[in-house]
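Engineer: turn this into a structure:
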Amino acid sequence: MTRILDVQKLGHVAIRVKDMARAKCFYVGLGMKMVWEAEDWCYLETRSGEDGLALLGPGYTSAGPHFAFHFNRRSEVDAFHSRLQAEGVQVGEVHDHRDGTASFYLKDPEGNWLEMLYQPPGGIPKNQQEFQ
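Structural biologist: The predicted structure follows:
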């Protein structure tokens, strides 16, 4: 098999939740810190810039459950996108997210969704104060 890319970091997992308030309370109770919160989704980390968990609420339609590889430079995401396309892998378009990141999605050969995500220096941008 041809190596398509060099994975840098498994950065986050995204799961679907039915009750956002209950899910947020549970994961914050486990010690995770709220990084980004919107009406339909939120993002938590164990430590700043590490081990992320995205909670996708019932109204979130931009993506489904997935895991993501994080990259430090936007150009790397664009380059991997081009490389995957050249290898004949079906990939979605690269797009910018409202939290300052950029990514594209694809499926592995087993049908699992994954994301190739540019993470700005300093980690996922925050719109929340960390919980004390």
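
Engineer: pull out the buried residues from the helix ranked longest in the chain.
Structural biologist: Counting residues, the longest helix found in the chain (DSSP state H) is helix 74-86. Neighbour-count burial for helix 74-86 flags 74, 76-78, 80-81, 84 (criterion: 16 or more other C-beta atoms under 10 Å). To be clear about C-beta, it is placed using only N, CA and C from the backbone, and glycine gets the same treatment.

Engineer: please apply the same query to stretch 87-107.
Structural biologist: 91, 94, 99, 101-106.

Engineer: among those, which one sits closest to residue 28?
Structural biologist: Here the nearest of the buried residues of stretch 87-107 to residue 28, counting by C-beta to C-beta, is residue 99; it sits at 18.4 Å.

Engineer: any idea how far the closest one is from residue 111?
Structural biologist: Residue 99 sits 27 Å away from residue 111 when distances are taken as C-beta to C-beta, to the nearest Å.

Engineer: before we move on, the earlier item: from the buried residues of helix 74-86, pick the one nearest residue 8.
Structural biologist: residue 76 (7.8 Å).

Engineer: do I have it right that the closest one meets residue 117?
Structural biologist: No: using C-beta atoms under 8 Å, residue 76 is not in contact with residue 117; the gap is 10.3 Å.
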